[in-house]
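A.B. asks: I'll drop the sequence and a predicted model, then ask my questions.
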Number of protein chains: 2
Amino acid sequence: MSSIFNEWLAKATEETEAVVYDYLPKEEGHQKTIFSAMNYSVKAGGKRLRPLLMREAYRMFGGTGKEVEPFMAAMEMIHTSSLIHDDLPCMDNDEFRRGKPTTWKVFGYDMAVLAGDALMIFAFETASRAFSMGADPQRVGQAIKILAEKTGIYGMIGGQTVDVELTGKPVPKEKLDFIYRLKTGALLEASLMIGAVLAGASEEEVGAMEQIAADVGLAFQVQDDILDVTSTEEALGKPVLSDEKNQKTTYVTLEGLEKAGQDVREISERALRQLKALPGEKEHLEGIIAMLVEREK
Amino acid sequence: MSSIFNEWLAKATEETEAVVYDYLPKEEGHQKTIFSAMNYSVKAGGKRLRPLLMREAYRMFGGTGKEVEPFMAAMEMIHTSSLIHDDLPCMDNDEFRRGKPTTWKVFGYDMAVLAGDALMIFAFETASRAFSMGADPQRVGQAIKILAEKTGIYGMIGGQTVDVELTGKPVPKEKLDFIYRLKTGALLEASLMIGAVLAGASEEEVGAMEQIAADVGLAFQVQDDILDVTSTEEALGKPVLSDEKNQKTTYVTLEGLEKAGQDVREISERALRQLKALPGEKEHLEGIIAMLVEREK
């Protein structure tokens, strides 16, 4: 990874985070506790990968407006809501994430359920602000539709459900692919698609972005499985070998470590080839995708 | 209540329920369990009051299209999602609702969390279908904005949060009013407002519908407190004296049973007066509001 890209990425991540923070609620009034729980969870860190991908897709197709910003924030809110609920005692029962106590450990079980709910709905409240930002209401409407479809039962939530249901049971490759496509891929698909839609990309181009994101999502998730086996708690900021502890079938348990690493590279290369075939300035998106393959945490 | 109104109400409720059911997911595919949990929860019963109010507000302002239907379904989905999460062991820990085992009792704790999440997001997925039904995209966008605002942290979820936080603690009247306005009122406000917005009502008229719904919501919630003390488990289809069991401050504990009953009548009359001042055919809405005062379950 070039140091120029790394510098750009650090700055771009900072800018993206600032956009997300801008849309968080003020911690005041009767509901102060839930506002604090929401903000604690969003601010607990993360790569801000999804909103950044959305911004870059928007710019790649020539977008210059502000209406992508509420969608960037909305995406990170929904992503965070899924992490909060994933960590609950009745789900993965995780006490730490990114080296910090999880939301339920800090705010209690009931508030964590509500904080997840709150972020989920606030995401749509935030996204719908784009209707009063001078953008084409049809495009904003289509973006909201994609946001809901890709985060819902035919997207992220659907993937989580099948994942939870199969924990501790043998998972055939085909079901694992389904889970990865929905649980991880869907949010990345939404990110690239929404950026493209808001910038006025054609239906065909939006479809290509969906395909690229699906591949990136798969590569990202397989890399996650690899790191759970090969990395350390210190480097990841979360416990390693958690898949083994939870008796989870992963890409690595099904295909082995070597094949998994090879597939990450091949899938990423396919995504990069498809990206190159599209018009517009793609250097940054290419850099982010390459980074996902080489990441160590 | 006249028998003509009762006949109309039975038919209208049936029609409303059919619209809601039409938008539920098919129980097939890898995610079958979550689809079943969603459908079980929505089909567990209820008065379908919110979608019915939305339909009647839409008709009152001259709406004749179909685009109100996905919003009717969306409203009932969000309402149901809040009930699923309210019943969880970490919240009210209720095993029965409307005489049936609650979602977590049937599908497990983890699936109930996910089913609530699923319905919440599917509500927005469903509502956004209205963009491809020939309706004005600005109106649909405004309706989605209202849906999110009134169900989120400044609406329903905000009310639930403060409610949960104050359980077992003394609650001053002003905080109780806040909880009732948000927890119960907000969904009714959204129902009447969305119906009006989609039918093209003026900003002033939408504001009047919001006020009316806030009053109806308060009357409805106070009546709930009254019935928790005066009714039976058999009549209500849920345990009575649950507020006392959970050490909850209610309108009845603060104001006494007699004053509470008096207030329900006064607030409802105020709502009815304001409704009468609006244009359009209001007979059905008037009937529903009157019914809320006299209901025994």
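C.D. replies: Right, received. Where do you want to start? Numbers count the residues shown, from 1 in each chain, chains lettered A, B, ... in the order given.

A.B. asks: Would you tell me which residues of the stretch 101-250 of chain A are close to chain B?
C.D. replies: Taking C-beta under 8 Å from any C-beta of the partner chain, the part of the stretch 101-250 of chain A that reaches chain B is made up of A:108-111, A:113-114, A:116-118, A:120-122, A:124-125, A:128-129, A:131, A:137-138, A:140-142, A:144-145, A:147-149, A:151-154, A:157-158, A:160-162, A:164-165, A:175, A:178. For glycine as for every other residue, the C-beta is placed from the backbone atoms N, C-alpha and C.

A.B. asks: downstream neighbour of the longest helix along chain A in the secondary structure list?
C.D. replies: Of all segments of type helix in chain A, defined using DSSP state H, the longest is helix A:203-230. Going down the chain from helix A:203-230, the next helix or strand is helix A:233-236, by DSSP states H and E.

A.B. asks: If you count neighbours, what's buried in stretch A:41-50?
C.D. replies: Within stretch A:41-50, the residues that count as buried by 16 or more other C-beta atoms under 10 Å in any protein chain shown are A:41, A:42, A:44, A:46, A:47, A:48, A:49, A:50.

A.B. asks: In JSON lines, list those residues along with pLDDT.
C.D. replies: Putting these into JSON lines (pLDDT from 0 to 100) gives the following:
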{"residue": "A:41", "pLDDT": "98"}
{"residue": "A:42", "pLDDT": "98"}
{"residue": "A:44", "pLDDT": "95"}
{"residue": "A:46", "pLDDT": "90"}
{"residue": "A:47", "pLDDT": "91"}
{"residue": "A:48", "pLDDT": "97"}
{"residue": "A:49", "pLDDT": "94"}
{"residue": "A:50", "pLDDT": "96"}
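
A.B. asks: Show the model's pLDDT score for residue A:293.
C.D. replies: Here the pLDDT value assigned to residue A:293 is 69.

A.B. asks: Now the strand or helix carrying residue A:147: buried residues?
C.D. replies: Using DSSP H and E, residue A:147 sits in helix A:137-151. Neighbour counts using 16+ other C-beta under 10 Å place A:137, A:139-151 of helix A:137-151 among the buried residues.

A.B. asks: other SSEs contacting it?
C.D. replies: helix A:68-87, helix A:109-127, helix A:186-198, helix B:109-127, helix B:137-151 (3 or more C-beta pairs under 8 Å, 6 or more residues apart in numbering or on different chains; DSSP states H and E).

A.B. asks: Let me know the closest of the buried residues of stretch A:41-50 to residue A:220.
C.D. replies: Nearest to residue A:220, judged by C-beta to C-beta, of those is residue A:49 at 8.2 Å.

A.B. asks: Wait, the closest one touches residue A:288, no?
C.D. replies: Yes - the pair formed by residue A:49 and residue A:288 meets the contact definition of C-beta atoms under 8 Å, at 7.3 Å.

A.B. asks: give me the low-pLDDT residue ranges for chain A?
C.D. replies: Low-confidence segments of chain A, defined by pLDDT under 70: A:1, A:237, A:293, A:297.

A.B. asks: Enumerate every residue touching the nearest residue to residue A:245 once chain neighbours are set aside.
C.D. replies: Residue nearest to residue A:245 in three dimensions, not counting chain neighbours: residue A:239, with 7.7 Å by C-beta to C-beta, 6 or more residues apart in numbering or on different chains. Each residue near residue A:239 by C-beta atoms under 8 Å, 6 or more residues apart in numbering or on different chains is listed here: A:94, A:96, A:233, A:245.

A.B. asks: Check those and tell me the two furthest apart.
C.D. replies: Between all members of those, the longest pairwise span (C-beta to C-beta) is found for A:96 and A:245 and amounts to 13.6 Å.

A.B. asks: Which of those two has more residues huddled nearby?
C.D. replies: Neighbour comparison, residue A:96 and residue A:245: the larger count goes to residue A:96, with 14 against 11 (by other C-beta atoms under 10 Å in any protein chain shown).

A.B. asks: which one is residue A:106 nearest to, not counting chain neighbours?
C.D. replies: Setting aside the residues directly before and after it, residue A:106 is nearest to residue A:40 in space (C-beta to C-beta, 6+ apart), at 6.4 Å.

A.B. asks: burial count for the one you found?
C.D. replies: Neighbours of residue A:40 under the rule other C-beta under 10 Å: 19.

A.B. asks: so who does the nearest residue to residue A:131 once chain neighbours are set aside touch?
C.D. replies: On the basis of C-beta to C-beta, 6+ apart, the spatially nearest residue to residue A:131 that is not a chain neighbour turns out to be residue B:141, at 4.0 Å. Neighbouring residues of residue B:141 by C-beta under 8 Å, 6+ apart: A:128, A:131, A:137, A:140, A:141.

A.B. asks: Distance-wise, check residue B:141 relative to residue B:186.
C.D. replies: Look at residue B:141 and residue B:186: by C-beta to C-beta, to the nearest Å, they are 19 Å apart.

A.B. asks: Ok, residue A:29 next?
C.D. replies: With distances taken as C-beta to C-beta, residue A:29 is found 15 Å from residue B:186.

A.B. asks: same question, residue A:27
C.D. replies: Here the distance between residue A:27 and residue B:186 works out to 21 Å (C-beta to C-beta).

A.B. asks: of these two, who's got more company?
C.D. replies: With other C-beta under 10 Å as the criterion, residue A:27 and residue B:186 differ in neighbour count, and residue B:186 comes out ahead with 25 against 15.

A.B. asks: Can you give me the distance of the closest residue to that one other than its chain neighbours to residue B:135?
C.D. replies: Counting by C-beta to C-beta, 6+ apart, residue B:155 is the residue found nearest to residue B:186 once chain neighbours are left out, at 3.5 Å. Separation of residue B:155 from residue B:135 (C-beta to C-beta): 23 Å.

A.B. asks: Please apply the same query to residue A:130.
C.D. replies: Here residue A:130 is placed at a distance of 18 Å from residue B:135 (C-beta to C-beta).

A.B. asks: mind exporting stretch A:35-46 as CSV, just the C-alpha atoms?
C.D. replies: Output of stretch A:35-46 as CSV, limited to C-alpha atoms (Å, rounded to 0.1, in the frame of the first residue of the first chain):
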residue,chain,number,x,y,z
PHE,A,35,-28.9,9.2,22.9
SER,A,36,-25.8,8.5,25.0
ALA,A,37,-26.0,4.7,24.3
MET,A,38,-26.4,5.4,20.5
ASN,A,39,-23.5,7.8,20.4
TYR,A,40,-21.3,5.6,22.6
SER,A,41,-21.9,2.7,20.2
VAL,A,42,-21.3,4.6,17.0
LYS,A,43,-18.2,6.4,18.4
ALA,A,44,-16.7,3.1,19.7
GLY,A,45,-14.7,3.1,16.5
GLY,A,46,-14.6,1.2,13.3
